[in-house]
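Undergrad: Sequence and computational prediction follow.
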Amino acid sequence: MTERKKISLSRPAATGDTPSAHKPPVRGPGTAPRKRMTAAEAEQARAERAERGAHPRSEHRGDRRDERRDDRPRFSEHAPRGDAPRRDRPRQDVRQDARQGARPEHRRDASDHREHRPTPPAAPQPKPAFQRPVEDDGRMRLSKLMSERGMASRREADEWIEAGWVRVNGEVIAELGLRVPPDVTIDVDPQAHQQQAQRVTILLHKPIGYVSGQAEDGHEPAITLITPDNRWSDDKLPLKLNRAHLRNLAPAGRLDIDSTGLLVLTQDGRIAKVLIGEDSGVEKEYLVRVQSVAQPEAENVHAVTPEEAIERMRHGLELDGKQLKHAQVSWQNEQQLRVVLREGRKRQIRRMCELVGLKVVGLKRVRMGRVVLGKLPAGQWRFLRPDERF
């Protein structure tokens, strides 16, 4: 019987002196084969790694890879003192730290790096607007000084200055906004006074349903009543109404839509300043028909209204947190009050009456300063006479 030769499939064991039995890796063309270390060289490399604290798992890897790893910084170099590097710690300890909320060292290092990141520079703040230095030598605007002396309104004074009609200490001034000492001598050209004399002031008996100023809520302004047909027949002033008289004609002291009586419309800034200026003390007289809020059916409102309420209206009331000036308040008849004010707050009389338990059912202005409404019919007007002063 023919004897069959047994073929062994096992690989021969490699020795330290013989090349490895493993198939060498395939290399590209032009690549030189990697040089293998001898046993003595390998032993010397392990000793050097042990001195530098090399990782034990890297002992059986190639020398070139070991050299690259020795050049890179290890985790232990950046870990806090007393903590083991993450790669040197058992997997079980890492899982336990994760359950306890501990962060890995490399994340901790990244967060610390973010915390110490330099703060970006703040955005530049906008420069404050230029402010004109305040003069503390007592000087004031020329137009304001002329207004305080009663020579003209500030708007008129500016117009005269632009026209070259104003002299300060004998010198013609044509510069708006000029500041001058308060004791200067001011002269005005006669042409300015002639122009001022041409400006008119009109007295109108405003009826209910008209607004004093601009049209609002579908109600017409009172100026629409200033027509030749509505001029009072008893106005004997030799002056004919024209379009120029309606230009810049404005109310000086308003009446609300539910009020009637004397309404002054003027082109003259001096008159407007006298009537509604901040320091105006011109009296305005009103006839006010009232009703008791507690007893609305009472015909004798005077009898059911305590005298203390009227006394409070004279002095002691305040509106919008501001004390009101002294007012003259008295009974004209059983349902009507006579009220004289030296100020003009919005809906002042109606609000004063509400504070003392009275309701205004009718309000009529009959006098402003020394100018009275008189017999002027409702809806008609007349010119202010040259001899009339407020």
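TA: Sure, I can see it.

Undergrad: Got the domain ranges for the chain?
TA: For the chain, automatic domain parsing gives the domain ranges 140-197, 199-281+369-390, 283-368.

Undergrad: Residue 226 touches residue 246, doesn't it?
TA: Yes: in this structure, residue 226 is within contact of residue 246 by Cβ atoms under 8 Å, at 6.4 Å. (Each C-beta comes from the backbone N, C-alpha and C, glycine too.)

Undergrad: Those two: which is more packed in?
TA: Neighbour totals were compared for residue 226 and residue 246, and residue 226 leads with 18 against 15 (other Cβ atoms under 10 Å).

Undergrad: Surely residue 380 and residue 232 touch.
TA: Yes: counting by Cβ under 8 Å, residue 380 touches residue 232, with 4.5 Å between them.

Undergrad: quick one: low-confidence ranges for the chain?
TA: 1-35, 53-136, 195-197 (pLDDT under 70).

Undergrad: can you map out the helices along it?
TA: Per DSSP state H, the chain carries helices over the ranges 39-52, 63-71, 75-78, 91-99, 105-115, 142-148, 154-163, 190-197, 243-246, 269-276, 301-304, 307-314, 348-355.

Undergrad: If you count neighbours, what's buried in stretch 177-193?
TA: Neighbour counts over stretch 177-193 (16 or more other Cβ atoms under 10 Å) mark 180, 186, 188, 192 as buried.

Undergrad: OK, contacts around the first one?
TA: Yep, that's residue 180 we're talking about. Shown in contact with residue 180 (Cβ atoms under 8 Å, 6 or more residues apart in numbering): 139-140, 142, 145, 168.

Undergrad: and of the residues you listed, the nearest to residue 264?
TA: Residue 264 lies nearest to residue 145 out of the contacts of residue 180, by Cβ to Cβ, at 26.0 Å.

Undergrad: and that closest one, how many residues sit next to it?
TA: Residue 145: 22 neighbours (other Cβ under 10 Å).

Undergrad: got the contact list for it?
TA: Residues near residue 145 by Cβ under 8 Å, 6+ apart: 180, 182, 184, 186.

Undergrad: Any chance of CSV for the residues you listed, columns distance to residue 51?
TA: CSV is the format used below for the contacts of residue 145 (distance: Cβ to Cβ, whole Å):
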residue, distance to residue 51
180, 96
182, 97
184, 100
186, 104
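
Undergrad: Could you report the distance from residue 323 to residue 315?
TA: Taking Cβ to Cβ, to the nearest Å as the measure, residue 323 falls 9 Å from residue 315.

Undergrad: and if you look at residue 353?
TA: 15 Å.
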